[in-house]
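Q: How does the following fold in three dimensions:
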Amino acid sequence: MNDVIIIGAGPAGLSAAVTCARKGLQVLVIDEYMKPGGRLLGQLYEQPDGTWWNGIQESARLHRQATDLGVQILLNTPVHNLERDEDQWTIYTEKNIYSTNHLLLATGAAESPVPVPGWTLPGVMSVGAAQVMTNVHRVKPGERGVIIGVNALSAVIASELQMAGVNVAALALPERNKLTQEAAQPESVMNDLLHVAHMAPSALMRFGSKLMKNDLMKQLGITFYPKSGFKMWGIPIQLRKAVVEIYGNKQVEGVKIATVRPDGDIIPGTEETISCDFVCIAGGLYPLTELAAVAGCPFYLIDELGGYVPLHNNRMETALDGLYVAGNITGIEGAKIAIDQGTVAGLTIAANHGVNELENEIEQAIASVSQTRDQAPFQFDPNVRKGKRIMQEKWEEYQRSKSEWTVG
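A: Alright, predicted model coming up:
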């Protein structure tokens, strides 16, 4: 039996593994991918201080620390079931069965691309797939592309594609329907985009973002937003145009776009085409929580965190004894926050395993998560702090009800 098992070798999982191993625990990390690192592997961007965040290097650093400390890492190993019997967790994989008293789920997030007519053509992919192809495998997804969906993630990946020599013809909205909702409404998209505008090399774009602090200015900004788009990193950002179709014979040849009103409705007769050889769809991210559901965790739908999230506290403990969560399974945020959350989870596991005098370290690690969140160059959802407060309130409600049930 292992002291702790961690499912997920991304930033949260590796950080937790390092922390647990440093406290003397025997650690097993299981991941279905062929390389450790998770979403770190695709990240490459310039930070506000001018330095570069290189996910491959960060992944290698964490992996090296873990292996040097004796952490066992099993790759190419999907987990298909979890069971709890008294105080023990049993983890089932295709290769073996493992058991532990302390199980950390650091399963990360997945993309949720929205359907667009023509999206089954060869050359259509998620924006994350294009990022991995470019930054991890060093393969261009194409020569000229269009990204459907304007948000913090797609804007940053567009800049990465451009740095790799790919011509990003435009970032445009999806057509408004029941699935796209706010992602097709220019004002909502502007709110999201303002949180990465400070990273743009254009001084005008940075200055303009500071002016868009109230609803009136945002409405004026959308109403008079240039139909040809505004360039960010040299890439046209189209907040008044939506992609209504991806076309091509046997592969992507281009997209058909139309001008939209400030509320997102298509203006008939404004259709035009943009030629390209690949299309990325950016529908956002959601927490990968299937294993937490199998384990029996209670969940709450918190939109600010990206969807359904397992109930947990700021020590990364869930409502189930011996089960912990860290990283994007707790809400969609950046890799640096995931790393800090992994540290919190590792310290909490060590304390619950019997390692003494860790409370000060745990409190400092929790504070570090909050500080990293405050200093993040951008947030996937600008209201993530509200989402975290909601989760804390739900946890406190759960603790009160549990106490009342025990007393009763």
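
Q: how about stretch 307-325: buried residues?
A: Across stretch 307-325, burial judged by 16 or more other Cβ atoms under 10 Å covers 307, 309-320, 322-325. C-beta coordinates here come from the backbone N, C-alpha and C atoms, glycine included.

Q: Tell me the gap between it and the middle of its chain.
A: Stretch 307-325 sits 18 Å away from the centroid of its parent chain (Cα atoms, centre = their mean, to the nearest Å).

Q: Show the average pLDDT along that stretch.
A: Stretch 307-325 shows a mean pLDDT of 97.

Q: same thing with stretch 118-132?
A: The average of the pLDDT scores along stretch 118-132 is 94.

Q: mind listing what's buried in that stretch?
A: So for stretch 118-132, counting by 16+ other Cβ under 10 Å, buried means 118-119, 121, 123-132.

Q: okay if I get these as a markdown table plus secondary structure?
A: Below are the buried residues of stretch 118-132 laid out as a markdown table (DSSP: H, G, I helix; E, B strand; the rest coil):
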| residue | secondary structure |
| --- | --- |
| Gly118 | coil |
| Trp119 | coil |
| Leu121 | coil |
| Gly123 | coil |
| Val124 | strand |
| Met125 | strand |
| Ser126 | strand |
| Val127 | helix |
| Gly128 | helix |
| Ala129 | helix |
| Ala130 | helix |
| Gln131 | helix |
| Val132 | helix |
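
Q: Including distance to Pro236, could these go into a markdown table?
A: Below are the buried residues of stretch 118-132 laid out as a markdown table (distance: Cβ to Cβ, whole Å):
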| residue | distance to Pro236 |
| --- | --- |
| Gly118 | 21 |
| Trp119 | 21 |
| Leu121 | 22 |
| Gly123 | 20 |
| Val124 | 20 |
| Met125 | 20 |
| Ser126 | 21 |
| Val127 | 16 |
| Gly128 | 22 |
| Ala129 | 22 |
| Ala130 | 18 |
| Gln131 | 20 |
| Val132 | 24 |
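
Q: nearest to Asp31, of those residues?
A: Proximity of the buried residues of stretch 118-132 to Asp31, judged by Cβ to Cβ, is greatest for Val132, which lies at 15.2 Å.

Q: who touches the closest one in this structure?
A: Listed by Cβ atoms under 8 Å, 6 or more residues apart in numbering, the contact partners of Val132 are 41-42.

Q: Relative to Ile337, how far out is it?
A: 21 Å (Cβ to Cβ, to the nearest Å).

Q: in which helix or strand would I find Ala170?
A: strand 167-174 (DSSP states H and E).

Q: And that strand, what's buried?
A: By neighbour count on 16+ other Cβ under 10 Å, the buried set for strand 167-174 is 168-174.

Q: How about stretch 243-259?
A: Buried residues in stretch 243-259, counted by 16+ other Cβ under 10 Å: 243-246, 248, 252-259.

Q: same thing with stretch 135-151?
A: Residues of stretch 135-151 classed as buried: 135-136, 140-142, 145-151 (neighbour count, 16+ other Cβ under 10 Å).

Q: try stretch 108-120
A: Result for stretch 108-120 [16+ other Cβ under 10 Å]: buried residues 108-109, 111, 113-114, 116, 118-119.

Q: From these, which land in strands?
A: Judged by DSSP state E, the subset of the buried residues of stretch 108-120 located in strands is 109, 111.

Q: would you list the buried residues of stretch 108-120 in TSV and tack on distance to Ile274?
A: What follows is those, written out as TSV (distance: Cβ to Cβ, whole Å):
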residue	distance to Ile274
Gly108	33
Ala109	29
Glu111	23
Pro113	19
Val114	18
Val116	14
Gly118	13
Trp119	16
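
Q: one step back: now, among the buried residues of stretch 243-259, which is nearest to Gly42?
A: Nearest to Gly42 among these, counting by Cβ to Cβ, is Val252 at 21.4 Å.

Q: Give me the distance between the two termini of stretch 36-49.
A: Across stretch 36-49, the terminal residues are separated by 28 Å (Cα to Cα, to the nearest Å).

Q: can you list the residues that contact it?
A: Stretch 36-49 is contacted from outside by 8-11, 13-14, 29, 31, 35, 52-56, 58-60, 62-63, 66, 73, 75, 108-109, 128, 131-132, 134-136, 156, 159-160, 163, 198-199, 327-328, 335, 377, using Cβ under 8 Å, 6+ apart.

Q: any idea of the mean pLDDT in stretch 273-288?
A: 94.

Q: Now find how far off-centre it is within its chain.
A: 15 Å.

Q: Repeat that for stretch 253-268.
A: 28 Å.

Q: Kindly format the C-alpha coordinates of that stretch as CSV.
A: The C-alpha trace of stretch 253-268 is given here as CSV (Å, rounded to 0.1, in the frame of the first residue of the first chain):
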residue,chain,number,x,y,z
GLU,A,253,-10.7,26.0,-47.2
GLY,A,254,-12.1,28.9,-45.3
VAL,A,255,-14.9,30.3,-43.1
LYS,A,256,-18.0,32.4,-43.8
ILE,A,257,-18.4,35.3,-41.4
ALA,A,258,-21.2,37.8,-40.9
THR,A,259,-21.4,41.1,-39.0
VAL,A,260,-23.4,41.0,-35.8
ARG,A,261,-25.3,43.7,-33.8
PRO,A,262,-24.1,44.7,-30.3
ASP,A,263,-26.4,42.0,-28.8
GLY,A,264,-24.9,39.3,-31.0
ASP,A,265,-27.6,38.9,-33.6
ILE,A,266,-26.5,38.4,-37.2
ILE,A,267,-27.1,41.2,-39.7
PRO,A,268,-28.5,39.6,-42.8
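
Q: in this structure, which ranges drop under the pLDDT threshold?
A: Scanning the chain for pLDDT under 70 picks out the ranges 45-46, 191-229, 233, 404-408.
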